[in-house]
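Novice: next one to model:
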Amino acid sequence: MGQHQPEHQGESRTDSVRRRFLKLGLAAGAGAAAIGGGVLGYLTTRRDEAEDTARPRPDGPPLDGAEPPESAEIGDGVRESAWFRDAGDGTLECTLCPHSCRIEPGQRGMCRVRMNRDGAGHTLVYGTPALVQTDPVERKPYFHFLPGRRALSISTAGCPLKCSFCEVWDMALVDPEEVQTYDLPPKRIVEHAQANQVDAVSYAFGEPVAFYEYVYDTASLAREAGMRNLVHTSGYIAEEPLAALIDKLDAVNLDIKSIDPEFYRRRCGGELSVVQNTARRLKRSEVHIEVTNLVIPTLNDGDDSIRGLARWIVDELGPDTPLHLARFYPLYQLRNLPPTPVSTLEKARQIARDAGVRYVYIARVDGHEAEDTYCPSCGEMVIDRLGFVIEEMRLEDGKCPGCGTPIPGRWA
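Specialist: Take a look at the predicted model:
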């Protein structure tokens, strides 16, 4: 059993309900204001029922203080990669992820963005992002890492998994020729980040493993420029390339889609054990870790599933690892399912807290009290959030102002 977690002290139930409704009324506008500035291209909502994802448009405004980039042409992203080995008879084996695709000349791997070109392995998405935007780190989401700071996010086509519930399927699960891209090599990404005075570069929204070489080189330059590197990933990567990249990373939000191995095989086309190994390797490093779990009705929302995930996090990553329980919306191949009921998320949160996870958040339910951070010792609210906006930061030197309990995170 997990430790008892006190209710929010100093606030009556009536006050709590009133505050929640006030936040619901303000969250949409505040969240939009937080992400609206400094976006390359226009923000467009691709699906009304889901959280919006920005897409660059070639006729949109440039990032603040930077020259507008040119649209990339097909073939601009081709670059030879070291993460291949000879499999004989002209065939190459990709060593970037555990699929270990054996790729014949002229063919591509499962991720769609790695190719055997005349006997040499290539990435097809180097320096050609399909998404470029600035927004708060809370949107990644990171709730215990540089709160209120902004990051420049990039992503490309491609993914080693094929999740039936993918929220960016029209970018991640298509060929790179099917998306509008920009010509932005690593040096220009860092220049844009500096021009916009952001604190970090984020590799998110799509799958960073698919554009590993681009991530590696950009992260190297960003680190030299004094910026942080943030990754939101499925964690589906082989041990050697992860080890090569890990020292360049400051924070990782890891998607753990279920604690059930069969769920991964049927719904994602992968193995849970790979993601667990990635999580353990990250834990052994100095990288800040947060976990996201998309709670899907009837598929991974059972009590045992949530409890099993929470216990695994406590045992392997530690009870202070923030867990974001995200609301599912009907998308891609699962349009027949309803959105996750808020009551299901609230129950899941309580199960995870009872299992010992000290910081459990509910994502994509604007105005919910579970988007705030509370002291696990006395229950006092220490960070008040409004969507992606920090309404009030009450921490004092990283500690609860009420009882002095240290709140784990990287606050500056």
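
Novice: name the helix or strand for the spatially most central residue of the chain, please.
Specialist: Centroid-nearest residue in the chain: residue 232, 2.9 Å away (criterion: Cα atoms, centre = their mean). In this structure, residue 232 sits in strand 228-233 according to DSSP states H and E.

Novice: what is the mean pLDDT for the helix or strand that that strand is followed by?
Specialist: With elements assigned by DSSP H and E, the helix or strand that comes after strand 228-233 is helix 239-245. Mean pLDDT, taken over the full extent of helix 239-245, equals 98.

Novice: and what of stretch 287-295?
Specialist: Per-residue pLDDT values across stretch 287-295 average out to 98.

Novice: do the same with stretch 363-377
Specialist: Taken as a whole, stretch 363-377 has an average pLDDT of 95.

Novice: please apply the same query to stretch 308-319.
Specialist: Computed over stretch 308-319, the mean pLDDT rounds to 98.

Novice: give the buried residues for it.
Specialist: Of the residues in stretch 308-319, those with enough neighbours to count as buried (16 or more other Cβ atoms under 10 Å) are 308-314, 317, 319. For every residue, glycine as well, the C-beta is placed using N, CA and C.

Novice: closest to residue 190 among these?
Specialist: Within the buried residues of stretch 308-319, distances to residue 190 taken as Cβ to Cβ reach their minimum at residue 317, with 30.6 Å.

Novice: the closest one contacts residue 289, doesn't it?
Specialist: Yes: checked against Cβ atoms under 8 Å, the pair residue 317 and residue 289 is within contact range at 6.1 Å.

Novice: overlap in contacts of the two?
Specialist: Common contacts of residue 317 and residue 289 (Cβ atoms under 8 Å, 6 or more residues apart in numbering): 279, 283.

Novice: residue 309 reaches residue 255, doesn't it?
Specialist: No: with contact defined as Cβ under 8 Å, residue 309 and residue 255 do not form a contacting pair (11.7 Å).

Novice: pull up the overlap in contacts between those two.
Specialist: Residues touching both residue 309 and residue 255 comprise residue 293, with contact defined as Cβ under 8 Å, 6+ apart.

Novice: which stretches of the stretch 51-200 of the chain form helices?
Specialist: With DSSP state H, counting those that start in this stretch as the definition, the stretch 51-200 of the chain shows helices at residue ranges 169-172, 186-195.

Novice: between the ones you listed, which gets nearest to residue 98?
Specialist: Using Cβ to Cβ as the criterion, the shortest distance between residue 98 and those is 17.9 Å, found for helix 169-172.

Novice: quick one: low-confidence parts of this structure?
Specialist: When residues are selected by pLDDT under 70, those of the chain lie in 1-75.

Novice: switch to 90 and redo it
Specialist: Applying pLDDT under 90 to the predicted model, the residue ranges of the chain that meet it are 1-76, 286, 366, 387-388, 412.

Novice: what about the longest strand in it?
Specialist: As assigned by DSSP state E, the longest strand anywhere in the chain is strand 288-295.

Novice: now the helix or strand following that strand - C-alpha only, CSV.
Specialist: Beyond strand 288-295 in the direction of the C-terminus, DSSP H and E gives the next helix or strand as helix 303-316. Backbone C-alpha positions of helix 303-316 (Å, rounded to 0.1, in the frame of the first residue of the first chain) are rendered in CSV as follows:
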residue,chain,number,x,y,z
ASP,A,303,-8.0,-0.8,-12.0
ASP,A,304,-5.4,-3.6,-12.3
SER,A,305,-3.7,-1.9,-15.3
ILE,A,306,-3.4,1.5,-13.6
ARG,A,307,-2.3,-0.1,-10.3
GLY,A,308,0.3,-2.3,-12.1
LEU,A,309,1.7,0.7,-13.9
ALA,A,310,1.9,2.8,-10.8
ARG,A,311,3.6,0.1,-8.8
TRP,A,312,6.1,-0.4,-11.6
ILE,A,313,6.9,3.3,-11.6
VAL,A,314,7.4,3.3,-7.8
ASP,A,315,9.6,0.2,-7.9
GLU,A,316,11.7,1.1,-10.9
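
Novice: which residues touch helix 303-316?
Specialist: Around helix 303-316, the neighbours that count as contacts under Cβ under 8 Å, 6+ apart are 2, 256, 258-260, 276, 279-280, 283, 291, 293, 295, 319, 321, 323, 347-348, 351-352, 355-357, 360.

Novice: so which of those are in helices?
Specialist: Using DSSP state H, the members of those that fall in helices are 276, 279-280, 283, 347-348, 351-352.

Novice: report the two of those residues separated the most.
Specialist: For the ones in helices among the contacts of helix 303-316, the maximum inter-member distance is 28.4 Å, found between 280 and 347 (Cβ to Cβ).

Novice: which of these two has more neighbours?
Specialist: residue 347 (16 against 11; other Cβ atoms under 10 Å).

Novice: what about the closest residue to the more buried one other than its chain neighbours, how many residues close to it?
Specialist: In space, residue 347 comes closest to residue 303 once its chain neighbours are excluded; the distance is 7.7 Å by Cβ to Cβ, 6 or more residues apart in numbering. The burial count assigned to residue 303 is 10, neighbours taken as other Cβ under 10 Å.
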